[in-house]
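Peer 1: Dropping the sequence and predicted coords here.
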Amino acid sequence: MAHRAGSADLPLHGGRVPKWLGDRMTRLGAVITEAIVQHYGRDEFLRRLASPFWFQSFGSVMGMDWHSSGITTSVIGALKRGLTPLSGELGIHVCGGRGAQSRKTPDELAVIGDRVGIDGLSLATTSRLVAKVDSAAVQDGYDLYLHGFIVTDDGKWVVVQQGMNDDRRQARRYHWLSEGLTSFIDSPHAAIEGRDQGQIVNLADHRANLSRKGQLDLLASLGPDGIVREVCALEAECATWNSPAIDTQPMLPHLIMPAHHDVRQKDVNMRRLHGNLAAAADRGPVDFESLLLTPGVGARTVKALAMVAEVIHGAPYRFSDPARFSLAHGGKDRHPFPVPLKVYDETINVMKSAVRKGRLGRDEELQALKRLDDQSRELERYVTGPDLKEIVAGEFNNSSRFGGRSVFGWEPSPVEAEESTKIAWKD
């Protein structure tokens, strides 16, 4: 039975993803998807998308703002652009998106159904029903503005949709998975992300069955006007009535994304991060010898690959700290540091080479990435390393050498930065 897997607070962020990052997210998202499908199959990829923790980590490793609601829009968009040309090969189709794109989802599903031989009209109905449940049956103060529907050639699907609350400047993401789903109105969610805002009306909870039945009975017996009269009478009575305690929903694992934009040590599991870095240093010279011949970039790329490898192979519990994955390729707003484009491009090249050879049955490079992830878990048991501030400071010091870029522009070299400081002082 599909169930709620957790919750998270996602601060709303404005701005757009720049083209130089969006294009790279498209390529990296597609090649990570291919690697997961090659290793574990399409069903596992859908399960990953249905996990709020993995989804946030996936967006973080691609250089998006590690804690913001923008990850949802950018990841769905990147997957749609990157996987559409591969849909015939992978059998994965991404529909919908933000705003007007979300309303095109039923038509897109109908077209896909005709092309691959699945019931597209039924999937279109499912899309509408899922959106209606989270906008009407779950009344939590968030208005839906994004709906992503990912479906495979055999008709299995996952939905990732998001609502916003402008007053609170927060977003809530809802995850649905077709696997094990038996009812659209009886606890159907794989996960709902969002900070606990107090009491909400959730008619999609299985405990609301009597409430749903009672509402239908009231409508049949009293009609709309009669219901209004009863509500008015109840409001007057409730003014002096102390209601009994409500049987609240059991606590679920939840991910709270903080409002602060900078990545702080408390946001990162340092033991796991040190394991990633140590594995890169330990396995890099063995498995990525040719890569390390690249002056100044190779060793840094292996560190990024260690986190990409974990996104591909990591167990669900390892994604409880999405901020850690932002240390692979930084963030577009310079948090935790500017995106190192030379490293990012090299990561894509290594992944593309590994996946391409894997298609031909030569999986030595994919296995090297798997060993990198295995080694991270081995080493994190006892390895130590620098604190987060020191790691981030080192990234900033080398940012221009790694092609550091953000929405504010290219990072200057230390000499250029020093000259700029002198000019500022003179002025």
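Peer 2: All right, it came through fine. These figures come from a predicted structure and were not determined experimentally.

Peer 1: And for Pro285, nearest residue in space, chain neighbours not counted?
Peer 2: Ranked by C-beta to C-beta, 6 or more residues apart in numbering and with sequence neighbours excluded, the top spatial neighbour of Pro285 is Leu292, at 6.4 Å. All C-beta spots, glycine's among them, are computed from the backbone N, C-alpha and C.

Peer 1: Check the gap between that neighbour and Tyr145 for me.
Peer 2: Distance of Leu292 to Tyr145, computed by C-beta to C-beta, to the nearest Å: 45 Å.

Peer 1: I figured the residue nearest to Pro285 was touching Leu305, is that so?
Peer 2: No: with contact defined as C-beta atoms under 8 Å, Leu292 and Leu305 do not form a contacting pair (11.6 Å).

Peer 1: Give me the more crowded residue out of the two.
Peer 2: Set side by side, Leu292 and Leu305 show more neighbours around Leu305, with 29 against 15, by other C-beta atoms under 10 Å.

Peer 1: Low-confidence ranges, the stretch 51-200 of the chain, go.
Peer 2: Low-confidence segments of the stretch 51-200 of the chain (pLDDT under 70): 136-140, 181-200.

Peer 1: how about the strands of it, start to end?
Peer 2: When assigned using DSSP state E, counting those that start in this stretch, the strands of the stretch 51-200 of the chain occupy the ranges 92-98, 138-139, 143-152, 157-165, 170-177, 191-193.

Peer 1: winner for burial among the ones you listed?
Peer 2: strand 191-193 (a mean of 26; mean count of other C-beta atoms under 10 Å).

Peer 1: ok, for Asp387, nearest residue in space, not its chain neighbours?
Peer 2: The shortest distance from Asp387 to any non-neighbouring residue, by C-beta to C-beta, 6+ apart, is to Gln265 (6.3 Å).

Peer 1: okay, now that neighbour: neighbour count?
Peer 2: 14.

Peer 1: So what touches stretch 398-408?
Peer 2: Contacts to stretch 398-408, defined as C-beta atoms under 8 Å, 6 or more residues apart in numbering, come from residues 15, 18, 20, 296-297, 300, 330-334, 337-343, 395, 410-414, 416.

Peer 1: before we move on, the earlier item: mind putting the strands of the stretch 51-200 of the chain into JSON lines with distance to Thr84?
Peer 2: Converted to JSON lines, the strands of the stretch 51-200 of the chain look like this (distance: least, C-beta to C-beta, whole Å):
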{"stretch": "strand 92-98", "distance to Thr84": "7"}
{"stretch": "strand 138-139", "distance to Thr84": "30"}
{"stretch": "strand 143-152", "distance to Thr84": "11"}
{"stretch": "strand 157-165", "distance to Thr84": "16"}
{"stretch": "strand 170-177", "distance to Thr84": "21"}
{"stretch": "strand 191-193", "distance to Thr84": "25"}
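
Peer 1: and Asp321, which of these is closest to it?
Peer 2: strand 191-193 (15.4 Å; C-beta to C-beta).

Peer 1: Can you tell me how far Ala315 is from Arg377?
Peer 2: For Ala315, the distance to Arg377 - C-beta to C-beta - is 9 Å.

Peer 1: more neighbours, the two?
Peer 2: Between Ala315 and Arg377, counted using other C-beta under 10 Å, Arg377 has the larger neighbour count: 17 against 8.

Peer 1: Can you pull the poorly scored residue ranges out of the stretch 251-400 of the chain?
Peer 2: By pLDDT under 70, the weakly predicted segments of the stretch 251-400 of the chain are 251-255.

Peer 1: all helices of it, in order?
Peer 2: Remark: helices assigned in the stretch 251-400 of the chain by DSSP state H, counting those that start in this stretch are 270-287, 298-313, 326-329, 341-359, 364-379, 388-397.

Peer 1: okay, the angle between the fifth one and helix 298-313?
Peer 2: Using axes from the mean of the first three to the mean of the last three C-alpha atoms, to 10 degrees, one finds that helix 364-379 and helix 298-313 are set 90 degrees apart in direction.

Peer 1: and what of the last one?
Peer 2: Per the same axes, to 10 degrees, the angle that helix 388-397 makes with helix 298-313 is 120 degrees.

Peer 1: Beyond helix 388-397, next helix or strand please.
Peer 2: strand 404-406 (DSSP states H and E).
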